[in-house]
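S.K.: Compute the structure for the input listed below.
(3 chains)
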Amino acid sequence: MDAALLEQMLLGALLALSVYLPLRCGQLSLATPGFYAVGGYVAALLSTGVPAFAGTGATSPLPALLVEMALGGSLAGLIALAIGRPVLRLRGIYLAIATIALVEILRVLNLNLPFTGGAMGIFGIPQPFAHPEGYVLFTLVLLAVACWLCQRLEVLRLGRAMLAIRDDELAAASVGIDTPRTKLIAFVASAVLAGVTGALAAHFLNAWNARVGSFDASITTLAFVVFGGSRFWLGPVLGGLALTALPELLRPVGDLRLILFGGVILLGPLFFPQGLVTAERLRWLGALLGRGRGRRKPLAP
Amino acid sequence: MIFGRLQRVGTGLLTLTLLLAGCGSDAGNQPIDLSGGVPVGAVLALTGNANVYGQDQKTGLELALKQRNGSGGINGRPLKLALEDSGSDEPGANAAFTLQINRGVLALVGPTLSQQAFSADPIAQRRGVPVVAPSNTATGIPEIGFFISRVSAQSSVIAPLAIDRALKLQPGLKRAAVFYAQDDAYSTAETTIFQKALKEKGLDPVTVQRTQLNDQDFQNQISAALREKPDLIVLSLQAVDGGNLIRQLRELGYKGLIVAGNGMNTPNIYPICQKYCDGLLIAQAYSPELDTPANGAFLKAFKATSGGATPPQLTAQAYTALQVIGEALERLDRRQPLSAATLTAARKELMAEILSGTYQTPLGEIRFTPTGEVIQSQFFVAQVRMDPGGRSGRFALLQ
Amino acid sequence: MDLLQILVNGLSVGAVYGLFALGYTLVFSVLGVINFAHGAVFTVGAYFTYLLIGGAVGANGLLAGLALPFALPIWGALPLAGLGAALVALLVERVAFRPLRRRRADPLLALITSLGAGVILVNLIQLLVGAESYAIPTGALGGLPASFPLLGARVRTVQALLLGIALLLVAMLTLWLEGSRNGKGLQAVAEDAETAQLLGIDSTAMVRLAFGLSGFLAGVAGGLVGLSVSIAGPYFGIGYGLKGLAVLVLGGLGSVPGAVLGGLIVGLAEAFVPADWSGWKDAVSYGFLFLVLLLRPRGLLGRPLPTKV
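M.R.: Numbers count the residues shown, from 1 in each chain, chains lettered A, B, ... in the order given. Model (predicted):
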């Protein structure tokens, strides 16, 4: 497989996790592409405008990338923190539409601000890695960390509170869970992850403009999660990987490519209403692996 | 515990992808795969919101390919063109570029949009693959690197020419109004040049109206502009939004001159502004009325396949891009046979060959600067003349 | 300051937004979900109108050169195109909504399945008739002038027509909803599907009716916009999809008069953005939407929020 495509897929998986986090406590937020755009602009502006970030030789310094990711994630997180409380009082489709509006407002801002390069955006973004393989390794580490954090949520009090809100918000509040705070944490975490991903993606894509954060992207990232399954983090990761790769893998069919892609998006939820990854399938898979392990180590207690 | 196992499943999957990642390899010092012809690639926006441009460009490439292979290909070996869709966005363009480069193409035509070029061209530059851009007009494209060139001239020369022409037609012009789509890279680049040209002629714009590429209704901007009583309106817009704006301008009673840039140099505007297109002045990087053998052959081929009378500028430029690559390949192959060269070396030699040539194209005679910027010998200003029914018309060249 | 001109501009743009959002709102009222294929159905309606008035397909696409053997006047073509679009909307309901309903799946899934249906429709259009733009000839309105003066403002005839037809359709729709058996049935299902079922109303039939109506309205709106500004390729309706969402929420999800009122307000709000700030126009409508959501989430004319959404 081609490393550049793999990198796209990994970025897709990270964005899917960003949509998954609020959804884990029942909040349908489609703001991910907006925060992704913000993170990307931070990285693009710093690495093209500040000499220390741009580096001197063919590649820009790796620590600079880490700082950009931290700053991009922080800015996205701050925006989420500022608007989170009022917005998260909305539910269901109302929250979805409010976050779509947010993405559009951010897009118009990015297009009109004096320093974001207008329609052309920012280009000539320096490269921290000489090859796509470098990006892939780096992103894999990032994705692994993100997955590990999501995995930790399963056992942490916070994670259980999130699930309780998803199942029944009123009941969760009545057993003493601070529901507004929990929802806000999920929303901010989602924004930080999207911002960090954007900062990395801006380098990988060489250029950044206001079109990256659009309505289409909102729906596509939601499709990642719906497709993969929203109960467990592996679902969005798989959904993000698969749906990013699909249009590329469908290239041999030529003109029918996007028609088939639409067909997959249409049929996927019909055949897998819970997404690809469900608790049952995971248990089955887990048991299968467990048995395999058991055979190899028959003496294990 | 169940989640412990899940974690292992996850880790397993990540390791798997990691292993897959290691499989990407570069063509390096391989020979060129000449089975089936001399491989070149194109990446166009065939789907997504720029699909109209991609479709026009595809026609141009197909005509150029037919022309080249009809006259002996590359010294007897056919030219083999692989076309990929960029889906009008940057990730799509990057994926298509990478795919084509991995396939072992010698050169690339594309991508359609300037924003995509800023994203995808650096990939070709890093991997040493010549790119001839057929339609990118933003500032800074050839400067991406040695391997990046374009046949699409910026409006720097054409725009002042069109303003001159308007002044010649109506010497008393005083109040110019400017429109451009602020979310379109081409529009924003061209309007800067138009506005500068206007200022140099002492025609400071009385109003500058910003629109969006996907806008269809311009009554607000038009009302605001008409309040300033302009006698010249200058548009940097694409065919669809520009066509709609012209129609609405005329319907709302504007009678003065309208000058439009390159983006509207296509018969695609006919169905949109219809009878109202009549009289429009267009700054052209390509004139269908240019009387040269190269353009004659192109026109003949175009009419035979599409039934249309006038090819759009985008089609002519795409044709030119592939023609340039074809001629350069032929010269290179004569100098040092492609069958004996390695891919990496041939790509580098080809770029030098592309830059050093002079080409007789439908656009007129063109050359390149050492950075890969096109030097076009002729630019044109045309006036649209619509047929009485308002269905079709022609771009009458103003001499 | 030509206040009247701004009003006229805003209302005529708003009428299109309103017509578009009507279709959204009809489906939302019975199913509680948004049909993301609506923009594509709108586009289909515009292409149908073009073909019915005798337009020929261009040189690209599988149907290159195709033209119907007859040509209808615009007032005949529009309702027929509406019917065609209604059939397409019914098909969308059949493949993207009904299977989910039957399985009582999460309504969220319908966002994705309808998006899939929209992607298929848009790309199918491109495959069949190419990506070029088509236009309904300016002469389609017969001898009417292109624009007329109104108290010092200038109004494009097409836009006045659009506004008129939009208001007419809304009036007819409201009368029908209030006065007919099916209209009342539709309202009952919108109110509470289960109770309606107990009262003997076939909710599946009502859902189909809502889709058919929404498709018809979208088809007519597509044709009218095509007449006003040309059909700018297969992605033509998608831009309205997003604006329609803003209108839908502003007016109140599920409210028929709300959709129209919301459309007119968004149209007017955009028209009142000073020309020098036109780059911020979209931010105005979405900022507006954002505020309304925070201050009055049910929208201007919406019912109080149900707790289940």
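
S.K.: which regions of the stretch 1-150 of chain B lie under the pLDDT threshold?
M.R.: B:1-28 (pLDDT under 70).

S.K.: Taking it, what residue is nearest to chain C?
M.R.: Relative to chain C, the nearest point of the stretch 1-150 of chain B is B:N51 (3.9 Å; Cβ to the nearest Cβ). The way it works is simple: take the backbone N, C-alpha and C, and place the C-beta from them, glycine included.

S.K.: can you pull out the strands in the stretch 51-200 of chain C?
M.R.: C:147-150, C:153-156 (DSSP state E, counting those that start in this stretch).

S.K.: any chance of those in CSV, plus distance to chain B and mean neighbour count?
M.R.: Below are these laid out as CSV (distance: least, Cβ to the nearest Cβ, whole Å; neighbours: other Cβ atoms under 10 Å in any protein chain shown):
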stretch, distance to chain B, mean neighbour count
strand C:147-150, 5, 13
strand C:153-156, 5, 21
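
S.K.: Adding mean pLDDT, write these out as a markdown table.
M.R.: Converted to a markdown table, those look like this (pLDDT from 0 to 100):
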| stretch | mean pLDDT |
| --- | --- |
| strand C:147-150 | 82 |
| strand C:153-156 | 83 |
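
S.K.: give me every residue that touches residue 208.
M.R.: Here I'm looking at chain A. Shown in contact with A:W208 (Cβ atoms under 8 Å, 6 or more residues apart in numbering or on different chains): A:A37, A:G40, A:Y41, A:A43, A:A44, A:G121, A:I122, A:F123, A:I125, A:A202.

S.K.: ah, I was thinking of chain B
M.R.: B:A177, B:V178, B:F179, B:Y180, B:T191, B:Q195.

S.K.: Name the SS class of it, please.
M.R.: Here B:V208 is strand, with the state taken from DSSP: H, G, I helix; E, B strand; the rest coil.

S.K.: What distance do you get for it to chain A?
M.R.: 14 Å (Cβ to the nearest Cβ, to the nearest Å).

S.K.: Which of the helices or strands spans the closest residue to A:F232 other than its chain neighbours?
M.R.: Excluding the flanking residues, the one nearest A:F232 by Cβ to Cβ, 6 or more residues apart in numbering or on different chains is A:V277, at 5.7 Å. For A:V277, there is no helix or strand it lies in under DSSP states H and E.

S.K.: was I right about A:V277 contacting A:S230?
M.R.: No - applying Cβ atoms under 8 Å as the test, A:V277 and A:S230 come out as separate, 9.1 Å apart.

S.K.: Below-threshold pLDDT in the chain: ranges please.
M.R.: You didn't pick a chain, so chain A it is. In chain A (pLDDT under 70), the answer is A:1, A:56-59, A:291-301.

S.K.: not what I meant, chain C
M.R.: Those would be C:1, C:303-309, if you go by pLDDT under 70 across chain C.

S.K.: And the residue of it that's closest to chain B?
M.R.: C:A275 (3.3 Å).

S.K.: where's that residue relative to A:L111, distance?
M.R.: For C:A275, the distance to A:L111 (Cβ to Cβ, to the nearest Å) stands at 17 Å.

S.K.: cool, B:Q221 as well?
M.R.: The value you get for B:Q221 to A:L111, if Cβ to Cβ is used, is 17 Å.

S.K.: likewise B:P205?
M.R.: 21 Å.

S.K.: Could you find the closest non-adjacent residue to the residue in the stretch 151-300 of chain B positioned nearest to chain C?
M.R.: Residue of the stretch 151-300 of chain B nearest chain C, by Cβ to the nearest Cβ: B:A224 (3.3 Å). Leaving aside its sequence neighbours, B:A224 sits nearest to C:A275 (Cβ to Cβ, 6+ apart; 3.3 Å).

S.K.: B:Q219 now?
M.R.: Using Cβ to Cβ, 6+ apart, the nearest residue to B:Q219 is C:N9, at 4.1 Å.

S.K.: Next up, phi/psi of that neighbour, please.
M.R.: Dihedral pair for C:N9: phi -60, psi -50, per degrees, to the nearest 10.
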